[in-house]
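**Student:** what's the 3D shape of this:
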Amino acid sequence: MPFVRLDKLITDTGLCSRSQARDWVRQGRVSVNGAVVTDPSQKIDSAAALCLDGRPVDAGGHLYVMLHKPAGLLTAARDARKPTVLDAMPEAWKRRGLFPVGRLDKDTTGLLLLTDDGTFAHRVISPKSHVSKLYEAAVAGTPTPEDVEAFREGIVLKDGTRCLPAGLEICGEGIVRVEIFEGKYHQIKRMLASRNLPVLELHRLRIGGLWLDEKLSPGEYRLLTEEEIETIQQGLLSK
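**Tutor:** So this is what the prediction gives:
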C-alpha cells in the first residue's frame, strides 16, 4: 500500500484543511494504529487505522455524525431561505455529500444522524427495518393509563391513518416518553393530539440502541465511535 504524509492523509478524509490537520497532529489528537503520532510529515500507510480524539476516521469510508439538533434548523441538505442542519457542519464534510438520516421538525430537538452513506441511511429510515425511536415530549393536558393503552393498541389518526403499536410512558406532570417504530409525517404530534395532548416541546433521545450523547449541547456534533456504528448496524442486521 502507498505511504502518505499524515497531514495529507487526514486532509483527504474531507474533515479539515491541511493546516488544521497539522495542528491536530501536533496537539496529540491523532493516533495511527493505536499509537499517537505528533509529526504531521510522518509517512503513513494509507490503509492504517486513523483516530481523531479516539474516534475512527476512515479516508476511504463513510462519515457517520451525531448532531444534537437545536430548534430552528430545518432537517434538509439545503434551503434557499432558512438555515438547515447542514449549516452546522464543517464545509469539508458538506463537500463529501453529507445529508441527514430521516428528519426532525424545525422546532424538534435532539438526536439526529448525518452521513454520506446512502445505504445506511435508507436502512435506518425504511419502515421495513422497524428501527425504534424514543422521544420525550412536554404536553398540555394530563396523560392517563387509557392513553398508554391506546398507544399500545395502535393509534388511529384523525384522517384514518392507523399507526403501529407504540409505547407511551408517563414521566411526570405533562411529560411523556413515546417510542415508535415507523416515521409518519408529524407522527408523534399527531398521535398525542389524537388523545387531546397537544405537544409543547419535542426532543428525540434515541435511535435504535444509540442514545444522544449528554455531553453535546444543542448545535454540537461529533463523529460516531466504532462501537456506536456497530450498535446501529447490529440493530439493522437483526431485523
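**Student:** May I have the residues that are in contact with D117?
**Tutor:** H62, L63, Y64 (Cβ atoms under 8 Å, 6 or more residues apart in numbering). Just so you know, the C-beta spots here come from the backbone N, C-alpha and C atoms, and that holds for glycine as well.
**Student:** Show me where the chain dips below the pLDDT cut-off.
**Tutor:** 1-2, 14, 47, 58-61, 235-239 (pLDDT under 70).
**Student:** Break it down into its domains, please.
**Tutor:** 3-57, 64-127+213-237, 132-207 (automatic domain parsing).
**Student:** Endpoints of the last one, how far apart?
**Tutor:** This means domain 132-207. End-to-end span of domain 132-207 (Cα to Cα, to the nearest Å): 6 Å.
**Student:** next one: the shortest one
**Tutor:** Between the start and the finish of domain 3-57 there is a gap of 17 Å, counting by Cα to Cα.
**Student:** One more: stretch 185-204?
**Tutor:** 15 Å.
**Student:** element containing the spatially closest residue to E201 that is not a sequence neighbour?
**Tutor:** Leaving aside its chain neighbours, E201 sits nearest to A138 (4.2 Å; criterion: Cβ to Cβ, 6 or more residues apart in numbering). Using DSSP states H and E, A138 sits in strand 133-139.
**Student:** what packs against that strand?
**Tutor:** strand 175-180, helix 187-193, strand 199-207 (3 or more Cβ pairs under 8 Å, 6 or more residues apart in numbering; DSSP states H and E).
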